Every structure is written in structure tokens, then in C-alpha cells.
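1. Pasting the sequence and the predicted model now:
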Amino acid sequence: MEKAETSNSPLDPLVFPDENDEETTHELDGIDQGDFVCPLCAERRKFQNLQEIFSHLKTEHKLLVADSHLICDIQRYFSYWHERFQEVTIESLGLPTSTEENVSYFILSDELPEDNELRQKLQMKRLEYILKTQQRERQDEAFSARCLFCQELYSGNRSKLFNHMARDHNFNVGLPDNLVFTEEFIKVLRQKMDNLQCLYCEKIFRDKVAIREHMRKKQHRKLNPQNKAYDKYYVINYLEMGKGWQVVQAEQDGSQMEPENESWDDWQETAGATAVCLFCDYRASATKKLLEHMHDEHRFNLNGIKTTFGLNFYKQLKLVNYLRRRIHQKMCFSCHQVFSSHNALISHMTSSKHIQDLPESSEWDQPQYYIPTYENDSLLFGLEDDEDFPGNSQTPVVAEDTMVDIENSVLRDLHIRSSLSDT
């Protein structure tokens with residue numbers, strides 16, 4: 001089926017079933033083959049796209065189709081009316097009319113009971129197909145796809161992949177059971193990531209390092225809710241004709257839809273994320289409060305280090321990830337002594353004042369520390385540049401082979417990533 005000309009339609013084109021799926025293929029045969037039959041031409045005149053047939057109906061037959069973007073299968077809609085107009089005349093239906101520039105047009109709309117019934121039947125047929133497809137995907141154990149972020153392979157039930165991305169990468173697209181056409185959905189998301197496009201603000205970045213750190217720092221590991229291209233992958237958008245998820249949700253909870261003229265600057269980032277101290281279990285929702293805690297309780301002044309050594313955002317990022325790694329390994333980052341427990345390590349670093357000794361930059365200013373030690377490290381989101389630092393306009397570029405070498409290192413250990421929340 002051709003996509004509707006209006007861009008605000010929640011009824012995006014369907015995806016064809018697999019060729020070997022005999023159960024459902026017949027229901028949608030030819031739906032996207034550019035075969036639109038004029039309902040009023042006796043010789044079954046066909047058109048290749050909706051714009052052509054609508055123009056033909058208006059100029060040749062003085063007929064307008066109301067709310068055409070809400071018709072689920074407009075090819076079958078036209079085919080039905082083609083057969084019907086072999087039996088009755090358009091004048092006999094008592095259609096309402098509209099006058100434009102002294103020309104009178106018939107309006108075919110759901111105000112006509114027969115037309116309304118047809119639209120409802122097409123809606124139900126599509127919903128049946130969607131639910132059947134969703135059920136087949138739920139039971140499909142042949143599914144196999146890699147994570148968008150760590151490239152780990154997941155096979156079997158596709159919910160494993162979506163649950164992994166939500167749990168380990170804070171990327172939540174909703175309940176897997178509410179999705180449909182999931183393989184295409186994953187393909188679309190992967191293509192955006194491969195094109196270095198943020199999934200939330202949809203800005204394009206120069207390299208993989210830049211987009212990964214942008215999505216982490218800005219908490220953009222989520223979908224843009226105003227991008228209607230994603231609507232086709234959520235079952236909620238097929239439940240009622242003309243109602244997308246925003247309308248259904250507003251009806252359920254009484255909330256109001258966001259103003260259409262709201263800019264990106266007005267959007268609020270996800271609230272509730274807490275940053276964890278480098279040295280203890282203390283958590284704070286504000287980075288400033290956490291930095292004050294580390295300064296007051298542990299005599300570790302990250303802001304002072306940033307100012308003294310002129311660390312831009314990327315160097316702060318690598319330093320924090322390095323320190324996280326050493327603390328996780330129970331190793332003093334000053335003398336490299338390893339301890340049997342976390343408490344013993346912190347006690348040593350406090351009494352020896354090693355906690356105040358910044359390690360040599362050659363230890364931590366390495367490409368592998370662009371990768372967070374903990375995937376959900378909210379402290380990284382709060383790191384900021386100081387505009388007075390020289391060279392802050394220079395964004396480091398890391399070669400692709402360097403990133404590949406990291407894939408099999410301890411930095412990819414999922415147990416390490418999740419341990420922050422367990423402490």
C-alpha cells in the first residue's frame with residue numbers, strides 16, 4: 001500500500017509476510033504493487049500511486065475521498081467501490097457535496113453507513129493480521145540478532161535482546177510483547193546507529209565515539225517519541241482507526257498531548273538517575289552534590305583536578321572510567337597495591353592520602369577508557385567542559401581498529417557493568 005500523502009498518519013504501510021508463510025500471504029497480496037483501481041471507470045483503469053488516482057477522481061469524476069489517510073487498505077477500498085458502482089450510480093448514494101471555485105464535488109466519507117462499515121472491516125482485517133504476525137514473532141525461536149550497543153548475539157525469543165538492552169544499556173523501547181515487525185524495527189535502529197544518528201534528537205555525529213558519548217551524556221538512549229516512523233512497530237497504533245499511541249494514552253490517563261510547537265530545548269531529560277561516588281555507596285541525583293560529597297568525605301576534588309590539568313570532557317571521561325576500573329579491581333591507583341576487600345582499599349587510600357594522587361596521564365589517557373566501566377554510570381552524564389581550556393574545540397578521533405580491539409577485553413564484561421547497581 002502506498003504511504004498516505006499526509007505525514008501525520010498513524011497508519012504506516014504494513015510489511016509483507018515471509019514468502020513461505022501460506023497462512024497470511026493471501027490477505028495482503030498486491031497491497032504494495034501500485035495497483036489502484038479507479039472505482040468509477042468501467043474498464044478498471046489502474047494507477048501507480050495515490051496522488052495520480054486522487055487527481056483523476058477529482059478532475060474526471062468530481063469525487064473526493066475524505067480522510068483517505070485513515071483507510072487501512074485503500075486498494076481494497078477502491079476495489080470494493082469499483083464493484084459497487086457497477087450496481088449503483090454515485091448520485092443514488094446521496095453523498096454530501098462540496099463546492100470549490102464553482103465546481104461541485106461528491107464526498108465519499110464514513111458518514112455514509114456503507115462506507116463506514118467498509119472502513120471498519122478493513123481496520124479489523126489489518127488488526128487481525130497484526131495480531132497474527134505478533135503471535136508468530138513471539139513463538140519464533142529462530143530469531144537471531146546482535147545488540148545495538150555491545151554487539152552480543154541473542155538467539156531464540158526476541159524479548160531476550162530487548163530486555164538485555166533495557167537492563168544493561170538503559171535503552172528501553174517498551175515491553176517486547178507490545179512490538180510487532182521486530183526484525184525490521186531492529187534493522188531500522190541499527191541503520192540509524194551505523195549512520196551515526198542519535199536515536200532521540202536525531203542529530204548526525206562525526207564518528208562512533210562522539211555519538212556513543214553524546215547518547216550517554218545526554219541520556220539519549222531512547223527513541224524520539226515524535227518520530228512517527230516508529231509507530232508501525234507498536235501494536236497500540238493499530239487498535240483503533242485514526243488513533244495513535246498519543247491519543248490512546250491521553251484517553252487512558254487523562255494527560256494532554258505536548259504542544260506541537262515545543263522545541264527540543266524545552267524537552268526535559270529523564271529524571272531520577274543517580275550518580276554513584278567513586279569510592280563509596282553514596283548516591284546523588286545532582287552531579288554537583290556528588291562532587292561536593294567526594295571532596296568533603298574523601299578529599300578527592302575532581303573539579304580541582306579538571307582545572308589544574310585542563311581536562312576537557314573527553315579526558316575527564318577517560319579519567320573517571322580509569323578510576324572506576326581500579327576501584328573495581330580493588331587496586332590503589334597511586335601505588336597499584338591490590339587489596340582483599342573494597343573497605344581495605346579505601347582505608348589504605350585514605351590513610352596514605354593516595355586518594356589525592358592523580359596517576360600519570362599515560363595510565364588513564366588511553367582510547368580504551370572511552371568505554372564506560374559501568375554502562376549506567378550517571379556521573380559521566382554530568383561531566384562538563386570549561387570554555388577557557390585550550391583545545392576544547394578539538395574532538396578526539398579514535399581509529400575503528402582500536403575500538404574493535406576493545407570488544408573482547410574485560411571492558412565488555414556484563415557482570416562488571418551491572419555490579420555498580422549491586423553495591
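-> Yep, it's here. Everything quoted here is computed from the prediction, not taken from an experiment.

2. For the rest of this, base every contact and every neighbour count on C-alpha atoms.
-> Noted.

3. burial count for R138?
-> 19 (other C-alpha atoms under 10 Å).

4. For it, which non-adjacent residue is closest in space?
-> Sequence neighbours aside, N157 is the residue nearest to R138 in space, at 6.7 Å (criterion: C-alpha to C-alpha, 6 or more residues apart in numbering).

5. can you count the residues close to the one you found?
-> For N157, the count of nearby residues is 17 (other C-alpha under 10 Å).

6. wait, doesn't it sit right on R136?
-> No - counting by C-alpha atoms under 8 Å, N157 stays clear of R136, with 11.0 Å between them.

7. Need the pLDDT of P367.
-> In the predicted model, P367 carries a pLDDT score of 73.

8. ah, wrong one, I meant Q226
-> With respect to pLDDT, Q226 has a value of 90.

9. contact partners of the helix or strand hosting F78?
-> Per DSSP states H and E: F78 is located in helix 74-84. With contact meaning C-alpha atoms under 8 Å, 6 or more residues apart in numbering, helix 74-84 is reached by 1, 31, 35-42, 44, 68, 71, 118-119, 122.

10. From the residues you listed, pick the one nearest C150.
-> Each of these was checked against C150 using C-alpha to C-alpha; the closest is M1, at 36.0 Å.

11. Where does pLDDT dip in the stretch 1-150 of the chain?
-> Residue ranges of the stretch 1-150 of the chain with pLDDT under 70: 1-34.

12. Check the separation of the first and last residues in stretch 170-179.
-> Terminal residues of stretch 170-179 are spaced 18 Å apart (C-alpha to C-alpha, to the nearest Å).

13. Could you list every helix and strand that the longest strand that the chain contains packs against?
-> For the chain, the strand that runs over the most residues, judged by DSSP state E, is strand 103-108. With contacts taken as 3 or more C-alpha pairs under 8 Å, 6 or more residues apart in numbering; DSSP states H and E, strand 103-108 sits against strand 63-65, strand 97-100.

14. following that strand, which helix or strand comes up?
-> Once the chain leaves strand 103-108, the next helix or strand it forms, by DSSP H and E, is helix 113-139.

15. That following helix: which residues count as buried?
-> Across helix 113-139, burial judged by 16 or more other C-alpha atoms under 10 Å covers 115, 118-120, 122-124, 126-127, 129-130, 133-134, 137-138.

16. ditto for stretch 138-149
-> Neighbour counts over stretch 138-149 (16+ other C-alpha under 10 Å) mark R138, A145, C147, L148 as buried.

17. will you turn those residues into a markdown table that also has secondary structure?
-> Formatted as a markdown table, the buried residues of stretch 138-149 follow (DSSP: H, G, I helix; E, B strand; the rest coil):
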| residue | secondary structure |
| --- | --- |
| R138 | helix |
| A145 | strand |
| C147 | coil |
| L148 | coil |
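
18. separation between the residue positioned nearest the centre of the chain and Q316?
-> By C-alpha atoms, centre = their mean, the mean C-alpha position of the chain lies nearest to L223, the distance being 2.7 Å. To Q316, L223 is 27 Å away according to C-alpha to C-alpha.

19. do G94 as well
-> For G94, the distance to Q316 (C-alpha to C-alpha) stands at 73 Å.

20. hang on, P372 packs against N321?
-> Yes - counting by C-alpha under 8 Å, P372 touches N321, with 5.5 Å between them.

21. Please, where are all the helices along the chain?
-> Along the chain, the stretches classed as helices by DSSP state H are 50-61, 74-84, 113-139, 159-169, 182-194, 208-217, 245-253, 287-298, 302-309, 313-328, 342-351, 361-364, 400-406, 414-422.

22. how many degrees apart are the second one and helix 113-139 in direction?
-> This points to helix 74-84. Between helix 74-84 and helix 113-139, the angle comes out at 140 degrees (axes from the mean of the first three to the mean of the last three C-alpha atoms, to 10 degrees).

23. Please point out which parts of helix 74-84 sit buried.
-> The neighbour-count check on helix 74-84 (16+ other C-alpha under 10 Å) flags I74, Q75, R76, Y77, F78, S79, W81, H82 as buried.

24. so how many other residues sit close to F333?
-> Other residues near F333 number 25, with proximity taken as other C-alpha under 10 Å.

25. which residues sit against stretch 174-183?
-> Contacts to stretch 174-183, defined as C-alpha under 8 Å, 6+ apart, come from residues 15, 130, 133-134, 137-138, 158-159, 162-163, 232-236.

26. Pull the most distant pair out of the residues you listed.
-> Greatest spatial distance in the contacts of stretch 174-183: V15 and N163, 24.2 Å, computed using C-alpha to C-alpha.

27. So for those two, which residue has more residues nearby?
-> Using other C-alpha under 10 Å, the more surrounded residue of V15 and N163 is N163, with 18 against 15.

28. Next up, the contacts around that one.
-> Contacts for N163 (C-alpha under 8 Å, 6+ apart) come out as P176.

29. any idea how far it lies from Q139?
-> Distance, N163 to Q139, by C-alpha to C-alpha: 17 Å.

30. do the same with Y374
-> Distance of Y374 to Q139, given as C-alpha to C-alpha: 33 Å.

31. cool, D296 as well?
-> 55 Å.

32. so Y105 makes contact with S98?
-> Yes - applying C-alpha under 8 Å, one finds Y105 in contact with S98, separated by 5.2 Å.
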